[in-house]
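Undergrad: Below are the sequence and a predicted model; questions follow.
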Amino acid sequence: MPLTYRPATLDDSYTVFQIFRQSITDLGQRQGVTTITGGQDPAVLAKLWETRRPLFEHLAQTAEHFWLAENDGRPVGYARSILRDGVRELTEYFVLPGEQSAGVGRELLARAFPRDGARHRTIIATTDMRAQARYLKAGVYPRFPICYFGRKPEAVKVESDLVMESISESPETLTALQAVDLAIFGHRRDIDHAWLLANRSGSVFRRNGQMVGYGYIGAISGGPIALLNEADFPAALGLVESQAAHRGDGVIEEFGFETPLINRAAVNYLLGRGYRIDSFMALFMCDEPFAKFENYICTSPPFFF
């Protein structure tokens, strides 16, 4: 039976998670880096699925294109993209080891990441050279690396007039979030804020009563964090780390940030605080430069920026 391709649905979430897991583990083995700590332990994998399930379901429910490849009825690859206010992002593109030379990837990419109908096209990509060649042919190019910086969180003394407050889901606050996104990215992403607010602890940063940015805190990571002034990152990251340390009451062994290396203020602060850089690196790719990523910490895990 030949390869077939069909639109995937929410019900395929666990199936595509398994493809993602096997593919990213294989990539790590080929590159000599750890992609999933304890990735051979069934208990670890079960916990990872429960952690990632809300994200995979959010991406399935809000996808623009979501395709599954099957070989004789067996799922062997998938690709998914989202469209936010005219910006298309390829969130996932994975093919099982052993199935990567039969044209599966080429067909999936063509279906999930078309060139037309978007103001910008982006990918947060692995450094797999086979995938990189396809992305370059698809018309997107590396702009900067994204690295995870992690350490055990501690309460940090922050000397700043920056104030961090929990997000209140009022129309005024949501409008302010939109304004920050428009200033930094040039587009809105209201549907992602709705998911983040439902699944993470959201905060706004204010100065003299005026909102100057926002941030989200997950179980073991911070992000996304967007600030109108990049010079505010040392204070904002200190406030976020302190909140994580207090919330975890010393239990959290590591807390971190998916950081664009173009964000010099954040990089310098994190290195100064003793954060360690993970060996696994991603690349932000786009069709043409846009947005102020020096004012940003990415969503973690970085399936979408």
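TA: In hand now; what should we look at? Because the structure is a prediction, the values reported are computed rather than measured.
Undergrad: Quick check: the gap between the closest residue to residue 211 other than its chain neighbours and residue 169.
TA: Once flanking residues are discounted, residue 211 sits nearest to residue 176: 4.5 Å by Cβ to Cβ, 6 or more residues apart in numbering. All C-beta spots, glycine's among them, are computed from the backbone N, C-alpha and C. Distance of residue 176 to residue 169, given as Cβ to Cβ, to the nearest Å: 12 Å.
Undergrad: before we move on, what about residue 277?
TA: Relative to residue 169, residue 277 is positioned 35 Å away (Cβ to Cβ).
Undergrad: okay, the two: which has more neighbours?
TA: Just comparing residue 277 and residue 169: by other Cβ atoms under 10 Å the higher neighbour count belongs to residue 277, 16 against 12.
Undergrad: residue contacts, that one?
TA: Listed by Cβ atoms under 8 Å, 6 or more residues apart in numbering, the contact set of residue 277 reads 147, 148, 149.
Undergrad: what's the answer for residue 182, then?
TA: residue 188.
Undergrad: So which residues of the protein form helices?
TA: Using DSSP state H, the helices of the chain run over residues 13-31, 42-62, 104-112, 129-137, 171-184, 190-199, 233-248, 264-272.
Undergrad: Figure out which of those is closest to residue 206.
TA: Evaluated over the helices of the chain, closeness to residue 206 peaks at helix 171-184, with 9.7 Å, by Cβ to Cβ.
Undergrad: between the closest one and helix 190-199, how big is the angle?
TA: Counting by axes from the mean of the first three to the mean of the last three Cα atoms, to 10 degrees, helix 171-184 lies at 120 degrees to helix 190-199.
Undergrad: ok, back up a step: from the contacts of residue 277, which ones fall inside strands?
TA: Under the assignment DSSP state E, the contacts of residue 277 contribute 147, 148, 149 to strands.
Undergrad: quick one, domains of this protein?
TA: Following automatic domain parsing, one gets these domains for the chain: 3-139, 149-277+290-297.
Undergrad: How much space separates residue 264 from residue 278?
TA: Using Cβ to Cβ, residue 264 is found at 19 Å from residue 278.
Undergrad: Those two: which is more packed in?
TA: More crowded of residue 264 and residue 278, by other Cβ under 10 Å: residue 278, with 16 against 12.
Undergrad: Can you check which of the domains of the chain gets nearest to residue 305?
TA: When those are compared by Cβ to Cβ, domain 3-139 sits nearest residue 305, at 6.0 Å.
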